[in-house]
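**Student:** Task: produce atomic coordinates for the following.
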Amino acid sequence: MTSFEETETEETVTCLHMTFYHPYQEEKMMFRCLNFCKREQVRADEVAKFGRDSNICRYSLLDTRVSRIQFALQFYRRLHSSEYCFEIKNLSKRTKLTVNQTELGYLNKIDLPWKCTICFGDYQILAEIQEGESVDYFETHLHLAEAPILQERSLPSLQPVPESGISSSTFLCQDKSPTEMDENEPC
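**Tutor:** Predicted coordinates:
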């Protein structure tokens, strides 16, 4: 047998990619303790905690509005399955946590979807799970977003419609039909 035949099969590792955003991240630098763009191994039996207290939390957010422990992620294997998953638990008594549109109060937990947005306060985190086979550890790979992860959708202003059913704004727009212009003509 050659050494190639004797080497163990390389197992893949589950990786949780997390992209962070806060509107004041450049001024307040709340993410300066996070290790971006480098994969980090976490033991499978360890709970990955996020919050303000660096003595308790593996991932520290330097912001007084963040709870000492904001939330935790637990890696686990589904019962009677080979599938590995994460669950997320809100550990903040003050702030609700949303995962996609599911709101979690204090001590509420749910399975983390394979791709989701985690929000609390002004924080937005895009989480994406890359599946693997390792039972001993998983990896985290943190990224910093330059733009909001969730774009606020501006809704049209709701103006009351008179009982006649015809809005006054309909009349205002009648004279403003599109006009054709030659690109060489001065405005």
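**Student:** what pLDDT does residue 78 get?
**Tutor:** pLDDT for residue 78: 88.
**Student:** and it, how many neighbours?
**Tutor:** Neighbourhood size, residue 78 [other Cβ atoms under 10 Å]: 10. Bear in mind the C-beta positions are built from the backbone N, C-alpha and C, glycine included.
**Student:** Nearest residue to it in space, please, no chain neighbours.
**Tutor:** Distance criterion Cβ to Cβ, 6 or more residues apart in numbering; nearest residue to residue 78, sequence neighbours excluded, is residue 85 at 6.0 Å.
**Student:** what's the answer for residue 73, then?
**Tutor:** Looking at residue 73 with Cβ to Cβ, 6+ apart, the closest residue is residue 48, at 4.5 Å.
**Student:** who touches the one you found in this structure?
**Tutor:** By Cβ atoms under 8 Å, 6 or more residues apart in numbering, residue 48 lies in contact with 42, 58-59, 72-75, 140.
**Student:** Please apply the same query to residue 43.
**Tutor:** Counted by Cβ under 8 Å, 6+ apart, residue 43 has contacts 136-137.
**Student:** and it, what are its bridge partners?
**Tutor:** residue 137 (DSSP bridges).
**Student:** that older thread, among the contacts of residue 48, which lie within strands?
**Tutor:** 42, 59, 72-75, 140 (DSSP state E).
**Student:** between the residues you listed, which is nearest residue 99?
**Tutor:** residue 73 (11.0 Å; Cβ to Cβ).
**Student:** Wait, the closest one touches residue 85, no?
**Tutor:** No. Assessed by Cβ atoms under 8 Å, residue 73 is found out of contact with residue 85, at 10.4 Å.
**Student:** and stretch 83-98, how far out from the chain's middle?
**Tutor:** Mean-position distance between stretch 83-98 and its chain equals 12 Å (Cα atoms, centre = their mean, to the nearest Å).
**Student:** scratch that, stretch 94-101
**Tutor:** Distance of stretch 94-101 from the chain centroid (Cα atoms, centre = their mean) equals 11 Å.
**Student:** Pull up the distance across it, start to finish.
**Tutor:** Counting by Cα to Cα, to the nearest Å, you get 19 Å between the two ends of stretch 94-101.
**Student:** same question, stretch 67-85
**Tutor:** End-to-end distance for stretch 67-85: 25 Å, by Cα to Cα.
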